[in-house]
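Student: Sequence and predicted structure are below.
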Amino acid sequence: MTLSARIGRMEESLTLAMAQKARELKAAGRETLNLSAGEPNFDVPQVVKEEAIAAINSAFNKYTAVSGTDELKAAIAGKLKRDNNLDYSPKNIVVSNGAKHSLFQLFAVLADFGDEVIIPAPAWVSYPEMARYHGAKAVLTQTKSENGFKITPKELEAALSDKTKIVVIGSPSNPTGSVYSRDELAALGEVLKGTKALVISDEIYEKLVYGVKFSACASISRDLYERTITVNGLSKSVAMTGWRLGYFAAADEQIAKAVTKLQSQSTTNPCSIVQKAAIAALDGRADKDIETMRRRFEKRRDLALGLISKIDGLKPIAPDGAFYLFVSHEALEKDSTAFCLKLLDEYGVVCTPGIGFSQEGYFRMSFAANEEVIEKAIAQIAKFADGYRR
Ligand SMILES: Cc1ncc(COP(=O)(O)O)c(C=O)c1O
């Protein structure tokens, strides 16, 4: 049996692999403290749950339009206008089974053999794999910690070529928590002017910012609006990871048409019940709950950052958004996989090696766990670091 060349180009997701290892240890009776999760441990807002129940009771059971119901796409367009001052009509929007699904399908319809995809590193695990799977070259562009791991106009210019098809911007970033300001996005936009490069702007952590303002890439200028595909979803901001709902909006209607075609031949519409409930998550009714979760995250961020900063040999990037600390352990150990496996084996703490995000010498710890787990886990990490130093 021979597997396709396509699947051979893709690596397994390291974040999921670490979570699997943690489950195995737990099943074997070992206590583990899991800081690898990329999902909030909060409940879904009541109003969203009630809409889902009402949809079930009213037998909203059938296939919907492949790209999502008109009602939901109107709610998404309303959200993009209200929150981001972006004008999209429902025909520019496609709803899918999570933002990961949206991204995968965007790569499928846009990236070809010979195309280059610029991905500022450190980067979320799936961007390079998705690009490679579809035959494109992932141009991982190293950014600097002193710039908050944000790509600078100079670095972008150096990475651009006449083969550049897509530039991926994740803001707030997973894993670093960096958030691009309006000025920073505008400066990157200037570099792209006159090129054919599209921007995929992954804004899934939009609502989770701490003391800074989120800026949507497409809202910066007319030029960026034309070339940017805005990707977002409900997993992180509304704690709806398992419900699987993501979407994108693109100025060029051809992109929505192509993704709809692909989706029609693969997964069809996202779950009808979830689509109904998603409207309540997007139209402002869940805003108070979303803000309550954000505040809890902010407290956890401050707690985790304060505790990790005290540990000799570890150097965290202070995150302005998302729910991760990206921590340098270079002073203790260069190899992030060795560091994280040892930490898991000896102290039962699950973190994610930086190499999974194309950045050696760092680990990522999520603060989407409750305060007690964060405190206990960091106390273990402190002991572990102490052992390394001796
Ligand atoms: C940066 C980033 N983008 C997209 C996703 C995908 O989210 P979902 O498919 O759950 O909507 C994730 C989830 O971990 C993420 O961290």
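Tutor: On my side now, so go ahead.

Student: Where does the prediction get shaky in the chain?
Tutor: 14-17, 389-390 (pLDDT under 70).

Student: burial count for the residue in it positioned nearest to the ligand?
Tutor: Closest to the ligand within the chain is residue 98: 2.8 Å, counting by CB to the nearest ligand atom. C-beta here means a position set from N, CA and C on the backbone, and glycine is covered the same way. For residue 98, the count of nearby residues is 21 (other CB atoms under 10 Å).

Student: and the gap between it and residue 247?
Tutor: Separation of residue 98 from residue 247 (CB to CB, to the nearest Å): 10 Å.

Student: where do the contact lists of these two overlap?
Tutor: Applying CB atoms under 8 Å, 6 or more residues apart in numbering, one finds that residue 98 and residue 247 are jointly contacted by residue 233.

Student: just the helices in the chain please.
Tutor: 5-8, 14-27, 46-57, 70-84, 99-110, 126-133, 153-159, 182-192, 222-227, 253-264, 272-282, 287-309, 336-347, 371-389 (DSSP state H).

Student: Just send those back as a markdown table, with mean neighbour count too.
Tutor: Below are those laid out as a markdown table (neighbours: other CB atoms under 10 Å):
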| stretch | mean neighbour count |
| --- | --- |
| helix 5-8 | 10 |
| helix 14-27 | 16 |
| helix 46-57 | 16 |
| helix 70-84 | 19 |
| helix 99-110 | 22 |
| helix 126-133 | 22 |
| helix 153-159 | 16 |
| helix 182-192 | 19 |
| helix 222-227 | 17 |
| helix 253-264 | 18 |
| helix 272-282 | 24 |
| helix 287-309 | 17 |
| helix 336-347 | 18 |
| helix 371-389 | 17 |
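
Student: residues from the stretch 1-150 of the chain in reach of the ligand?
Tutor: Neighbours of the ligand within the stretch 1-150 of the chain, by CB under 6 Å from any ligand atom: 38, 98-100, 124.

Student: so which pair among the residues you listed is furthest apart in space?
Tutor: 98 and 124 (13.3 Å; CB to CB).

Student: who touches both of these two?
Tutor: By CB under 8 Å, 6+ apart, no residue touches both residue 98 and residue 124.

Student: where's the closest residue to residue 251 other than its chain neighbours relative to residue 218, distance?
Tutor: Spatial nearest neighbour of residue 251, chain neighbours left out: residue 226 (5.1 Å); criterion: CB to CB, 6 or more residues apart in numbering. From residue 226 across to residue 218, the span is 9 Å (CB to CB).

Student: Need the overlap of contacts for these two.
Tutor: Joint contacts of residue 226 and residue 218 (CB under 8 Å, 6+ apart) are residue 251.

Student: the domain parsing of this protein - what is it?
Tutor: According to automatic domain parsing, the chain comprises the domains 5-44+288-389, 46-286.

Student: OK, contacts around the residue lying closest to residue 25 once chain neighbours are set aside?
Tutor: Leaving aside its sequence neighbours, residue 25 sits nearest to residue 32 (CB to CB, 6+ apart; 5.3 Å). Under the criterion of CB under 8 Å, 6+ apart, the neighbours of residue 32 are 22, 25-26, 344, 348-350.

Student: which of those lies closest to residue 119?
Tutor: Nearest member of those to residue 119, counting by CB to CB, is residue 350, at 25.4 Å.

Student: So that closest one sits against residue 34, correct?
Tutor: Yes. The pair residue 350 and residue 34 qualifies as a contact (CB atoms under 8 Å) at a distance of 4.6 Å.

Student: Please enumerate the shared neighbours of those two.
Tutor: 19, 22.

Student: Taking the contacts of residue 32, tell me the two that lie furthest apart.
Tutor: 26 and 349 (12.7 Å).

Student: which bits of the stretch 151-300 of the chain sit near the ligand?
Tutor: Residues of the stretch 151-300 of the chain lying near the ligand by CB under 6 Å from any ligand atom: 170, 174, 202, 204, 233, 235, 241, 246.
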